[in-house]
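Enquirer: return atomic coordinates for the entry below.
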Amino acid sequence: MVTDPQQAVINAMTETELSDNVRQLATALNFLAYHTWRSDHSPAGFPDWVFVKNGRLLFVELMRQKGKLSPHQKEWILELIPCKSVEVYVWRPSEWLDGTVERILKATPKEESNTIPE
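Expert: The predicted structure follows:
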């Protein structure tokens, strides 16, 4: 159950804050991390982060809590999900605060499954 103070944090967290948190955790766990610096020169909808470690390849789209995926983001995610040996996630502040992000990053391959976007 999410408390009112937790919900306030979830609703207030920006995508930039979430991105900083995820990057710091992933690099602390020794993932190689890629994030496009200027997305205006990249294909529309490409996921925000790519993480690699010990045979794991993760594509991660970060969203504000109430943010909606664009059609281009959905297209990329739906094309990536069936790829073998690829993990695809859409993470929001609630997944950061409830420990989902940390659990997934600490998992070994095949412990977690891809998430289908809403």
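Enquirer: strands of this structure, residue ranges please.
Expert: 32-35, 49-53, 56-62, 87-91 (DSSP state E).
Enquirer: the second one versus strand 87-91: what angle between them?
Expert: For the pair strand 49-53 and strand 87-91, the angle between their directions (axes from the mean of the first three to the mean of the last three Cα atoms, to 10 degrees) equals 130 degrees.
Enquirer: chain center to strand 49-53, what's the gap?
Expert: The chain centroid and the centroid of strand 49-53 are separated by 10 Å under Cα atoms, centre = their mean, to the nearest Å.
Enquirer: give me the number of residues near residue 77?
Expert: When neighbours are defined as other Cβ atoms under 10 Å, residue 77 has 21 of them. Heads up, the C-betas are built off the backbone N, CA and C, glycines and all.
Enquirer: need the strands of the chain in a markdown table (columns: distance to residue 8, mean neighbour count and mean pLDDT).
Expert: Shown next, in a markdown table, are those (distance: least, Cβ to Cβ, whole Å; neighbours: other Cβ atoms under 10 Å; pLDDT from 0 to 100):
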| stretch | distance to residue 8 | mean neighbour count | mean pLDDT |
| --- | --- | --- | --- |
| strand 32-35 | 27 | 14 | 96 |
| strand 49-53 | 26 | 18 | 96 |
| strand 56-62 | 19 | 21 | 96 |
| strand 87-91 | 19 | 22 | 95 |
